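**Q** give me the fold of what follows.
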Amino acid sequence: MQSFMTGAPGHHIQSIKKSTSTRLVYVIFFLLVSIVAYILSYWSFSWFNNLDVLKICSKGDNECKGALVVYRLTFGLALYHILLGLVMINVKSAGDSRAKLQDGYWPLKILLLGVLIFVSFFIPNSFFRVYTWISIFCAALFIFIQLVLLIECAYSLNESCVRKIEDEGHNGKKWYVLLCILSFGSIALAIAGTVLMLVFYGKGNCSINQFYIVFNLGICLIVGVLSISEKVREYRPSSGLFQSGVVMLYCTYLIYSAINSEPPGTCSSNNSSSPKESTIIIGAIFTIISVCYSAFRSSDSTELLGNHNHYSSIPTDPNAETTGVADDECECTAYNYSFFHITFACGAMYLSALLTNWATMTNTDISSSTSSSNSTISVDSGMVSVWVKVVSSWVVVLLYLWTLIGPLLLRNRVWD
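**A** Numbers count the residues shown, from 1 in each chain. From the prediction side, this is the model:
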């Protein structure tokens, strides 16, 4: 380990920053709970049949049982981050005793997470009828955060490629070719996906699907043309086809996911009452990537996560001997602890919405009696999932459009 960290005698290479390692641990927690929730959403009905909280589901209603387990797992994870977020309010200095709780006491925090998840299995189902709507609201909030991060990431990647092209000069065109491939490739994939959706999901009288698909393509092409117009580039030089391609590709995925979430009996070719496994897996990957990116981007994202301007960096003295984890928060915190945890809490609720296909819980009486023994819970996905995803695709286009025309309309403001 010492030889790995040592670059030369008397010089030590920092292996990882403290703020990065801390956030990485929280990401691992989120990833593990996500995997467990995904597995139990399919097989919980055979493992937890004896749990009283699951007996309220109709016999053979495995979707209901899986949803109830997912709600409890993600509620425990969300509550864990909400509690930490409340404790970390207004922590700005590494000297604050609460900052030590953020970066340490891992056995205690692991125990707390486990206890919260365990206790959640003994909470009455009536609470989760309300919690499903709270999670839908917070999931929508996380989608907004996700969309902002997507656009921010697209601009950052484009600017990075442009810097590489400028550094490369006339010596080569490797980065220029790569940027062109990524830009036109993403647009081509989005158009190909649109054509395939029209072929498979826009047949006959499925006018609503045809509207989703064609309208999405139209608005994406409009902002794509705007992104390369001379007037926009005059005030937003960093705009280009790459960002438009990323936005277009992601919006096309959202429309595909929305159509696959349509209930049986609608235009969707999905005859199952459950969302397709591929849709859930892709969505879960997007969720985990978004949470990971928000965690690590929080150190320098002043727009979203409220980063402090007085960030304290690690020592740069080449003769300084520092081993192990480099302390980059010697004086000030590197990111907003509270917003960091609230983002994770919203991500946990988004995960529950994703794995249950944005289902809500309703009572179903199997007899005229009001006895609780004759009352069951049914899970209804309906069109909530569809419209959340469709509206999300429109919102990301509007956000991207604002980044293009904002500098043109508000010329006195400094735009990063």
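
**Q** ok, then the element right after the helix or strand that Val36 is a member of?
**A** Using DSSP states H and E, Val36 sits within helix 18-47. Downstream of helix 18-47, the next assigned helix or strand under DSSP H and E is helix 62-87.

**Q** quick check: angle from that next one to helix 18-47?
**A** Angle of helix 62-87 versus helix 18-47, following axes from the mean of the first three to the mean of the last three CA atoms, to 10 degrees, is 150 degrees.

**Q** which elements pack onto helix 62-87?
**A** Contacting helix 62-87 under the criterion 3 or more CB pairs under 8 Å, 6 or more residues apart in numbering; DSSP states H and E are the following elements: helix 18-47, helix 97-103, helix 106-120, helix 125-168, helix 337-355, strand 375-380. No exception for glycine: its C-beta is placed from N, CA and C like everyone else's.

**Q** could you identify which of those is most buried?
**A** With neighbours taken as mean count of other CB atoms under 10 Å, the helices and strands packed on helix 62-87 reach their highest mean count in helix 337-355, at a mean of 25.

**Q** by contact count, what packs against that one?
**A** Looks like helix 337-355 contacts helix 18-47, helix 62-87, helix 125-168, helix 277-297 (3+ CB pairs under 8 Å, 6+ apart).

**Q** could you give the angle of the helix holding Val36 to helix 337-355?
**A** Using the same axes, to 10 degrees: helix 18-47 against helix 337-355 is 30 degrees.

**Q** name the helices or strands packed onto helix 18-47?
**A** Counting by 3+ CB pairs under 8 Å, 6+ apart, helix 18-47 packs on helix 62-87, helix 97-103, helix 106-120, helix 277-297, strand 325-326, helix 337-355.

**Q** how about the first one: buried residues?
**A** Which is helix 62-87. Of all the residues in helix 62-87, those buried under the rule 16 or more other CB atoms under 10 Å are 62-82, 84-85.

**Q** identify the residues contacting Arg396.
**A** If you look again at residue 396, you'll see it is Val, not Arg. Val396 makes contact with 147, 150-151, 247, 250-251, 254, according to CB atoms under 8 Å, 6 or more residues apart in numbering.

**Q** wait, a helix at it?
**A** Yes: in this structure, Val396 lies within a helix as judged by DSSP: H, G, I helix; E, B strand; the rest coil.

**Q** any idea how far Tyr26 is from Ile134?
**A** Separation of Ile134 from Tyr26 (CB to CB, to the nearest Å): 22 Å.

**Q** repeat that for Ser160.
**A** Relative to Tyr26, and taking CB to CB, Ser160 is found at 26 Å.

**Q** what is the mean pLDDT for stretch 85-95?
**A** Regarding stretch 85-95, the rounded mean pLDDT is 83.

**Q** distance between the ends of that stretch?
**A** 18 Å (CA to CA, to the nearest Å).

**Q** list the buried residues of that stretch.
**A** 85, 88, 91, 94.

**Q** re earlier: export the helices and strands packed on helix 18-47 as TSV, with columns for distance to Lys389.
**A** Shown next, in TSV, are the helices and strands packed on helix 18-47 (distance: least, CB to CB, whole Å):
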stretch	distance to Lys389
helix 62-87	18
helix 97-103	34
helix 106-120	27
helix 277-297	9
strand 325-326	40
helix 337-355	10
